[in-house]
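# Give me a 3D structure for the following:
(one chain, ligands or ions: 1)
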Amino acid sequence: MTGAERREQITAGIVERTGISEAMIEQLVHGFYAKVRKDPMIGPVFEARITSWEPHLAQMCAFWSSVALMTGRYHGTPMVKHMPLPIDAAHFDRWLELFEATAAELCPPAAAEHFIERAQRIAASLEMGVASGQGVMLGVGERYRRSEAGAVQ
Ligand code: HEM
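Numbering: from 1, shown residues only. I've put the predicted structure just below:
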C-alpha cells in the first residue's frame, strides 16, 4: 500500500467514526470565528491583523481539513504567525473555550471530541512557541503568563 492509500484509509476511518465532512468543517470554522470576532478579549487581536476575513476563513477551513481529515489541503506556518502576537495563557484559554463551545453546538459528540483534542494539542504547542519567542522556556504542563514573565501585559 502506498503512503497516499494509507492516508486515504485513515481518513475514511475518521469519517466513518466521527461523521466529519468538509461541510461540517466549514460550519465549525464560520461559527467559531463569528464568536471570536465578537469576543472582547481575543477579537481585537484578530481585528488588528486580519484585514480581509474571507481568505482567512478559507485558510482555516484548509487547516482544519488537514488536521482533522489529513487531506493535506493546508500549507502554512502557524507558529511563525503566532509568535509575534501579544497573547498568553489567558488568550489561549479563551480561544479554546470558544472553540469547544462551537464544536459542542455544531458537531456530533465524536466529531467535537476529535476537533477539540487536536485544538488543545496545537494550542499548547503554539503557547510554547509564543513563550520561547519571548525567551521563556516552558516545562511540561507550565503556562505562559506575561505578567509573571515580567513582560508587558
Ligand atoms: C490566543 C489564541 C489565538 C489568537 C489570538 C490567534 C490569532 C491569529 C491571528 C491574528 C492570525 C492571523 C495571522 C496573520 O495572518 O498574520 C492567526 C492565524 C492562524 N491561526 Fe491563530 N490565534 C490563536 C490561536 C490559534 C490556535 C489554538 C490555532 C490552532 C488550533 C490557530 C491556528 C491558526 C492558523 C492555522 C492560522 C493561519 C496561519 C496562516 O496564515 O497560514 N490559532 N491566528
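# residue closest to the middle of this structure?
Centroid-nearest residue in the chain, with C-alpha atoms, centre = their mean: Ala119, separated by 4.9 Å.
# for the top helix by length along the chain, the distance to its chain's centre please.
Of all the segments of type helix in the chain, defined by DSSP state H, the longest one is helix 109-133. Centroid displacement of helix 109-133 relative to its chain, using C-alpha atoms, centre = their mean, to the nearest Å, is 6 Å.
# just stretch 95-106 next, same as before
Between the mean C-alpha location of stretch 95-106 and the chain-wide mean there is a distance of 11 Å, by C-alpha atoms, centre = their mean.
# Now do the buried residues in that stretch.
Neighbour counts using 16 or more other C-beta atoms under 10 Å place Trp95, Leu98, Phe99, Glu100, Thr102, Ala103, Leu106 of stretch 95-106 among the buried residues. All C-beta atoms are positioned from the backbone trio N, CA, C, and that covers glycine.
# of all those, which comes closest to the ligand?
For the ligand, the closest of the buried residues of stretch 95-106 turns out to be Trp95, at 3.6 Å, with distances computed as C-beta to the nearest ligand atom.
# Disregarding residues adjacent in the polypeptide, which is nearest to that closest one?
Ile42 (5.8 Å; C-beta to C-beta, 6 or more residues apart in numbering).
# thinking the one you found is in contact with Lys35, fair?
No - if you go by C-beta atoms under 8 Å, Ile42 and Lys35 don't touch, sitting 9.5 Å apart.
# Which one of these two is surrounded by more residues?
Each of Ile42 and Lys35 had its neighbours counted (other C-beta atoms under 10 Å), and the higher figure belongs to Ile42 (21 against 16).
# And that one, its phi and psi?
phi -100, psi -20 (degrees, to the nearest 10).
# which residues sit in contact with whichever residue of the chain sits closest to the ligand?
Across the chain, the shortest distance to the ligand (C-beta to the nearest ligand atom) belongs to Gly76, at 2.5 Å. Contacts for Gly76 (C-beta atoms under 8 Å, 6 or more residues apart in numbering) come out as Gln59, Phe63.
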